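In: Kindly generate the corresponding structure for this input.
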Amino acid sequence: MTNRDKNWLDIIKAGGSSGQKAFQELSIFYGPKLYSQILKITKDPALSKDVLQEVFIKTWLHLPKFEGRSSLYSWLYRITHNETLSMLRNEKRRAHLSLSQEVIEIIPGHSSLDGRSADEILSLLNAAVESLPHKQAAVFELKYFQQYTFKEIEKITGTSQGALKASYHIAKGKITSFLHLKLNHSLRETSKL
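Out: Below you'll find the model as predicted:
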């Protein structure tokens, strides 16, 4: 735990107006990072703000029980992840794309990404990640985009490294299938013109 985090925790646990100010500083410091994690899962800014508010309410209520076995950010991430999934279950907002359809093979030697901008490629990748179940999307996000090690992700999520590696491998396969499907579909549409 960092000295800054320990200082905030000590002041917050002492209570009073200083504790409230320290909690506000903690919220301002970690809020944007947690919000971006929520938004990547919900894809809904308004819902993400609601989830973040719930995260900080739960944090405030449970902070006295925080024992410091993990970093403060890991603990906050866990609350955030659980609260986001809970909110999505309650809202039933997330629809999953079924990737069980047969995927058309890309013609060998054809570079389907030629002529596509970096923004188009990133948009395709983001759409592929959005199609994943929540847990796989979270593991992929932490490993691929944020470049955490499986050991670090284990500390953040509380999931074993073996299970994380399996989720990541499955997510990569689904993303590959999704991209092949989308790229082949756009190739067929282009060839019709």
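In: Give the residue spans of the protein that score low on pLDDT.
Out: 89-119, 121-122, 184-193 (pLDDT under 70).
In: Now with 90, please.
Out: 1-27, 31, 36-193 (pLDDT under 90).
In: quick one: the helices in it?
Out: 3-14, 16-42, 45-62, 72-91, 118-130, 134-140, 150-157, 161-192 (DSSP state H).
In: out of those helices, deepest packed?
Out: Stretch with highest mean neighbour count among the helices of the chain: helix 134-140 (a mean of 21; mean count of other Cβ atoms under 10 Å). Where you see a C-beta, it was placed from the backbone N, CA and C, and this is true even at glycine.
In: Which strands and helices lie in contact with that one?
Out: helix 16-42, helix 72-91, helix 118-130, helix 150-157, helix 161-192 (3 or more Cβ pairs under 8 Å, 6 or more residues apart in numbering; DSSP states H and E).
In: Look up the closest residue to residue 132, ignoring the ones flanking it.
Out: Among residues not flanking residue 132 along the chain, residue 171 sits closest, at 5.5 Å (Cβ to Cβ, 6 or more residues apart in numbering).
In: Can you tell me how far that neighbour is from residue 143?
Out: As for residue 171, its distance to residue 143 is 9 Å (criterion: Cβ to Cβ, to the nearest Å).
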